[in-house]
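Asks: model this:
(chains A, B and C)
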Amino acid sequence: MMPTDVVGKAEEVSDLPKPSYLIGVGYDGERGRAFLKLYEPESQRIYLYYDRTGHMPYCLSNLTVEEIKQNPRVSGYRGIVALEPVERYDPLHDRTVRMTKIVVSNPLAVGGRGGIRELIPTWESNIKYHLNYLYDTGLIPGMPYKVVDGEIQPAGWELPEEELEEIKRVLPGDDEEIREYAVEWARRLSLPVPRLRRVALDIEVFSPAETRIPDPRKAEYPVIAASIRSSDGRKAVFVLSKEGPGEELPGVDVVCCETEVELLRRVFEVLWDYPVVVTFNGDDFDLRYLLERAKRIEVPREQIPIRLGENMAGLKYGVHIDLYKFFMNRSIQVYAFSDRYREHTLQEVASSILGEGKVEIEKPVSKLSIHDLAEYCFRDADLTYRLTEFDDDLVMKLLMVLSRIAIMPIEDVNRYGVSKWILSLLRYEHRRRGMLIPNPEDILRMKGETVTRAVIKGKKYRGAIVQQPVPGAHFNVVVLDFASLYPSIIRNWNLSYETVRCPHEECMDNKVPGTPHWVCKKRRGLMSLVIGSLRDLRIMWYKPLSKDKRLPEESRRWYSVVQGALKVILNASYGVFGSDIFPLYCPPLAESTTAIGRYAMTETVKRAVGLGINVIYGDTDSVFLENPSKEQIEELLDWAERELRIKLDVDKVYRYAVFSERKKNYFGVYPDGTVDIKGLTGKKRHVPPFLKKAFFELVEILRTVRREEDLEGAKEKIRDLVSSYYQKLREKKIPLKDLAFYVMLSQAPEKYATRPQHVKAALQLKATGVELGAGDIIGFVKVRGERGVKPVQLASVDEVDVEKYIEHMRSMFEQVLDALGIDFDSLVGKPRGTTLEMFF
DNA sequence: GCGGACTGCTTACCT
DNA sequence: ACAGGTAAGCAGTCCGCG
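Replies: Below is the predicted model of the structure:
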């Protein structure tokens, strides 16, 4: 994965007195050793440190040393360097086991083709070597180190004594082990990260066919422009041209290169210089293309700064961050950026996040003037850079914090999903406790499958409860929710793959409600410890600090990054155990978690009703109470803490909230008049803009309602609203683009088993030569006639199917109106058996 | 041969 | 390639109906 031929600026050190941050880890095949990339913030450069512990790749076997020596399959295996008897704690069986550590000469001898892994049963043979190295040495990526006399050691990790005391004070005291462990984490997470000197890069390649993207594996066509934008103020575009640049680009150096070799040389100089290089899709395009192109036009190998890995493009000197992979990571998308961007292009992501409109180009890049090409190319490098810079370097900070939590270098954090981050963290914790990391089939065999039945066909086990809402407008609604419900359950019920259905007879009476499963009473589960500690830290420490106005802005922002990173991890921490591709997959663990969640919900509703409170709705970890008294709330919160041992909080209060009979569908108005809309069609992204607009006008009317009596007046306004949109529709006054549904293709249009409308439209559009694939958004209009739909680009106003749109409007409005006891048809004065036209 | 009931597919959402 | 639960719209199929 990482370079073996490190040359250029990367200086190897055996002394590095200044604190330097561990940002990269690799394996040097030639020297057979692991190395670290240490970023020193003052000089803003990377130093290399080579392992001096003599650490070697290995895996474990349950055979004895003798048995391995006598085993014909491995006895003659050349890669084996040593066989060492070792002891491990086997969590599945709760006992110590003797195993053999098979030490080998290089990582491929374990996991390569014909490696040990394929010859005999092994444990811990699926872990990438550079991660293995981190786990064994205890080095934490993202943290500062110094090198003294060839030895690497932590530098500047100390937290002020008062801060440590304060943390210990606020963390729950019910479990000393969890608290100690949380404090240890705080030492890592509270320490801020330095700014990373970095450069963003973007290239343009000549292409004879306008719609085709050049293939980086072939690199047939010349690189015609490359732009850079750096954290230290460099803004430049290198353009392939024999003429001058012509008109200037303000603030940007436009450098004309007579030959492509010269252009590449200039780009490579930059790539050799910066410790961090940022791209948008550089793994699959920019860096890959540059490398292949350089080889093709015979740039000497040692001058090329790029090195390809399995699924990434790396650098010999610095580290490469591919923002495409970062922003397309579902967890990042949803939890860190609240689903603010949808599409996959740099333009789209940047315009949503940076809040800027995008600039279209009319011509293919191959036909642009030098000036326009430079401008176009630079804009992408600039946007890429600014995505790392906005909100005070949020993206870089997130990468660094996640790197610390996941015990993974930032290049891996960047490219893997949340399940790999969690897996890495858990493997690390096994290692440092001398615990054997179980193989997936052993967990499954011992723990078995699920026993509950899911509501949804095809799912493996039962999930959360969604309470049937009480329809109507409810005034003074208090919403209570359990803070981090599933992580809290995992913590307090001691859930872990080894503790659920543990091997002890005496634990079998400690049942999980609603299941035949039981939980260990003798040992603290590892998942429970790790997830529980992180939960405590987030809820009791980082989240409150991130909102504490007494702290300086700078600190608050850092705590906010930390709590956000913890949120991403915690949100996925239960789900991974219910995912059959997760190497610690444990169905009864996942199932027990949701079962206890249902128990908590049901008991809470029961208790609320017992206190005389009207419960109007609830979903998974929340209950909606109609006009409860302060005392009732107090009592309920105390009860939850006491009886369920889960923290129940007041999450929000609505002046009033409106529910229909539909679940996951409501809106609430806060005391300050702002509105909270959940699940209603009008806010869904694919809905035509004109319907959305109508919907938000409806919301605007309802926003002003303060008392029951106000609803009458609102009705009048709603009537006007509906009729005005109805007229506009009939009179074809609504532009096509506002009539279009915008739906995302989850795959290439031809691949669908059925032919839904958006796919129909996509196929029509594709026939006109537009390239469409997974992740693209297709805009289509509903039209009269056979096909029913047309891509917005190909439709005309007079073929629009007005009736269909009226039905959509009705359906959308009804979600709110039938909750208020208003009939859509009566609103527009439509008697039974007539059409809307007759009325207007 | 037609229409309603039903199932399944798909997207977008909630927790 | 974290999980399950829900709404909505449409495509496609089944079944009853002289």
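Asks: From DNA strand C, how far out is the residue in the stretch 51-200 of chain A positioned nearest to DNA strand B?
Replies: DNA strand B sits closest to A:Pro172 of the stretch 51-200 of chain A, with a gap of 22.1 Å, by C-beta to the nearest atom of the strand. Glycine gets a C-beta too; all of them are placed from N, C-alpha and C. A:Pro172 is 24 Å from DNA strand C, where distance means C-beta to the nearest atom of the strand, to the nearest Å.
Asks: That residue - nearest residue in space that isn't next to it in sequence?
Replies: Spatial nearest neighbour of A:Pro172, excluding adjacent residues (C-beta to C-beta, 6 or more residues apart in numbering): A:Asp536 at 5.9 Å.
Asks: distance of that neighbour from A:Arg404?
Replies: Separation of A:Asp536 from A:Arg404 (C-beta to C-beta, to the nearest Å): 17 Å.
Asks: With A:Pro216 instead?
Replies: Applying C-beta to C-beta, the value for A:Pro216 to A:Arg404 is 33 Å.
Asks: what residues does the stretch 651-800 of chain A put near DNA strand B?
Replies: Proximity of the stretch 651-800 of chain A to DNA strand B (C-beta under 7 Å from any atom of the strand) is limited to residues A:664, A:677-679, A:683-686, A:742-747, A:752-754, A:756, A:758, A:777.
Asks: Just the buried residues of those.
Replies: Among those, the ones that count as buried by 16 or more other C-beta atoms under 10 Å are A:His686, A:Tyr742, A:Val743, A:Leu745, A:Tyr752, A:His758, A:Ile777.
Asks: Secondary structure of the third one: a strand, I assume?
Replies: It stands for A:Val743. Yes. Counting by DSSP: H, G, I helix; E, B strand; the rest coil, A:Val743 falls inside a strand.
Asks: which residues in the stretch 601-750 of chain A form helices?
Replies: Assigned by DSSP state H, counting those that start in this stretch, the stretch 601-750 of chain A shows helices spanning A:630-639, A:689-703, A:710-730, A:736-739.
Asks: Select, out of these, the one closest to DNA strand C.
Replies: Among those, helix A:689-703 sits nearest to DNA strand C (C-beta to the nearest atom of the strand), with 10.0 Å.
Asks: Mind checking what secondary structure A:Ser528 has?
Replies: helix.
Asks: Verify the stated contact: it with A:Glu498.
Replies: No. The pair A:Ser528 and A:Glu498 fails to qualify as a contact (C-beta atoms under 8 Å) at a distance of 9.8 Å.
Asks: interface residues of the stretch 501-650 of chain A facing DNA strand B?
Replies: By the rule C-beta under 7 Å from any atom of the strand, the part of the stretch 501-650 of chain A lying against DNA strand B is A:Asp619, A:Thr620, A:Asp621, A:Ser622.
Asks: Any figure for the gap between A:Arg229 and A:Ala200?
Replies: According to C-beta to C-beta, A:Arg229 and A:Ala200 sit 5 Å apart.
Asks: related to what we said a few turns ago, neighbour-wise, which of A:Pro216 and A:Arg404 wins?
Replies: In this view A:Pro216 and A:Arg404 are compared by other C-beta atoms under 10 Å, and A:Arg404 has more residues nearby, 23 against 19.
Asks: need the next SSE after the helix or strand containing the more buried one, C-terminal direction.
Replies: A:Arg404 is located in helix A:370-406, with elements delineated by DSSP states H and E. Downstream of helix A:370-406, the first helix or strand assigned by DSSP H and E is helix A:410-415.
Asks: now what about that following helix, what contacts it?
Replies: Under the contact criterion C-beta atoms under 8 Å, 6 or more residues apart in numbering, helix A:410-415 has outside partners A:23-24, A:131, A:141-142, A:283, A:311-312, A:314, A:319-322, A:325-326, A:399-400, A:402-403, A:406, A:420-421, A:424.
Asks: Would it be right to say that A:His430 lies in a strand?
Replies: No. Assigned with three-state DSSP, A:His430 falls outside any strand and is helix.
Asks: if you skip the residues just before and after it, what's nearest to it?
Replies: In space, A:His430 comes closest to A:Ile437 once its chain neighbours are excluded; the distance is 4.7 Å by C-beta to C-beta, 6+ apart.
Asks: And A:Met435, by the same measure?
Replies: That would be A:Tyr89: by C-beta to C-beta, 6+ apart, it lies 5.0 Å from A:Met435.
Asks: What pLDDT does the model give the residue in chain A positioned nearest to DNA strand C?
Replies: Residue of chain A nearest DNA strand C, by C-beta to the nearest atom of the strand: A:Gly575 (1.8 Å). A:Gly575 is assigned 96 on the pLDDT scale.
Asks: Name all residues that make contact with it.
Replies: By C-beta under 8 Å, 6+ apart, the contact list for A:Gly575 reads A:Ala590.
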